[in-house]
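Engineer: the sequence and its predicted three-dimensional model are supplied below.
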Amino acid sequence: MTPQAPGPHRSDESEPVSSGVGESVRARGGWVTFARWAFYAAIAAAFMFFLWRVDWAELQDLDANWALVAIATGLGVAFRYLGVFVWRVVLTRLGAEDLPRFRTLSSVYAKAWLARYIPGTVPWLAGKVLLASRHGISRSRLAVSTLVEAAAQIVAVGAVSLLLLAVDPRVGEVSPSLRLLVAAGAVVGFAAMAPPVFNRVMALGFRLMKRGRPAQVGWPVVRDSLALYGGGALLSGLAYAVLILALVEDVSAGDIVYLVGAFGFAGVVGMLTPLVPAGVGTRDVTQYALLAIVLTPATAALIVLVSRVWSALVDLLFWAIAVAIGRGEGER
């Protein structure tokens, strides 16, 4: 009897494999969706807790120049959008192609920015990777760009703030330990951003996590991010200075440079204490110590409270604007 030729491969034999792959993909997508909504819930809970802790009674009789408050708010939102621009520049320098539109990256950035109200630095950094990876950007580039952008913010704002305070004769009244902390943070941050060091540390981290090879950082990335955030330090500090002008009448023009440096300095101290949500506590104490040099203790305490609430509301406004505009791109 002539042996029969083998028939065509039966499709039902391959179905379990393809079905298994499909189930794996669906399961992974389900976990990512769950993680995303859990992230949103954690942000909402942390932000509500932050607002709950505010002593609103202290703000009932607040008298302010609301036109200047509006200008300060505009500057504050502009600084946050500068962060999106820096992030996009870093991603581009790292070789990312076909990036989503700026409005989409802004929506992702604004959501992750609110994660700073969750204790620890990881939620803020990991949130950008989690949310942006949905738009086809490699996790390697996202992880590297997120760390570069955060480090550039600390180094540039710290350096500019120290420079502005150094030209003011009242700098001698600033606590030497605080000056040392910010200076050390700026120096260590710059050293860590040097491509030979940064790339080696990232390669070690990726190797330990078995994640392949990270994107490589070059000097142009460091140069551009530091230069942009150097200007951002002036923009952010100016926003706070204008806020003070809206609340205090006897602040002189000569105090503006000092105030810009003081608020930037306090912000870096807050960023260097990552276990505190949004730097609250350490940033507030530093702000008070610096403001009490040019304001009465009572006025300095009021400014600290107002600036804390104002900053949170600017964060919320930035999120609302970015998400509303990004929704047109299908961002959720």
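Structural biologist: Looks like it arrived, so ask away.
Engineer: where does this protein have low pLDDT?
Structural biologist: Residue ranges of the chain with pLDDT under 70: 1-29, 171-175, 178-179, 181-182, 185, 209-211, 274-280, 328-332.
Engineer: make it 80
Structural biologist: For the chain, the stretches with pLDDT under 80 are 1-32, 120-122, 166-190, 193, 205-214, 252-254, 272-281, 327-332.
Engineer: tell me where it has helices.
Structural biologist: With helices called from DSSP state H, the chain shows them at 11-52, 66-93, 102-114, 122-132, 139-166, 176-193, 195-209, 219-247, 256-271, 282-291, 297-326.
Engineer: turn these into JSON lines, including mean neighbour count and distance to Glu58.
Structural biologist: Glycine gets a C-beta too; all of them are placed from N, C-alpha and C. JSON lines is the format used below for the helices of the chain (neighbours: other C-beta atoms under 10 Å; distance: least, C-beta to C-beta, whole Å):
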{"stretch": "helix 11-52", "mean neighbour count": "12", "distance to Glu58": "14"}
{"stretch": "helix 66-93", "mean neighbour count": "19", "distance to Glu58": "17"}
{"stretch": "helix 102-114", "mean neighbour count": "24", "distance to Glu58": "24"}
{"stretch": "helix 122-132", "mean neighbour count": "21", "distance to Glu58": "28"}
{"stretch": "helix 139-166", "mean neighbour count": "22", "distance to Glu58": "27"}
{"stretch": "helix 176-193", "mean neighbour count": "16", "distance to Glu58": "25"}
{"stretch": "helix 195-209", "mean neighbour count": "14", "distance to Glu58": "44"}
{"stretch": "helix 219-247", "mean neighbour count": "21", "distance to Glu58": "13"}
{"stretch": "helix 256-271", "mean neighbour count": "25", "distance to Glu58": "19"}
{"stretch": "helix 282-291", "mean neighbour count": "22", "distance to Glu58": "13"}
{"stretch": "helix 297-326", "mean neighbour count": "18", "distance to Glu58": "6"}
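Engineer: who wins for proximity to Leu59 among those helices?
Structural biologist: helix 297-326 (6.9 Å; C-beta to C-beta).
Engineer: could the helices of the chain go into JSON lines alongside distance to Leu59?
Structural biologist: Shown next, in JSON lines, are those (distance: least, C-beta to C-beta, whole Å):
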{"stretch": "helix 11-52", "distance to Leu59": "12"}
{"stretch": "helix 66-93", "distance to Leu59": "13"}
{"stretch": "helix 102-114", "distance to Leu59": "22"}
{"stretch": "helix 122-132", "distance to Leu59": "27"}
{"stretch": "helix 139-166", "distance to Leu59": "27"}
{"stretch": "helix 176-193", "distance to Leu59": "27"}
{"stretch": "helix 195-209", "distance to Leu59": "43"}
{"stretch": "helix 219-247", "distance to Leu59": "11"}
{"stretch": "helix 256-271", "distance to Leu59": "19"}
{"stretch": "helix 282-291", "distance to Leu59": "15"}
{"stretch": "helix 297-326", "distance to Leu59": "7"}
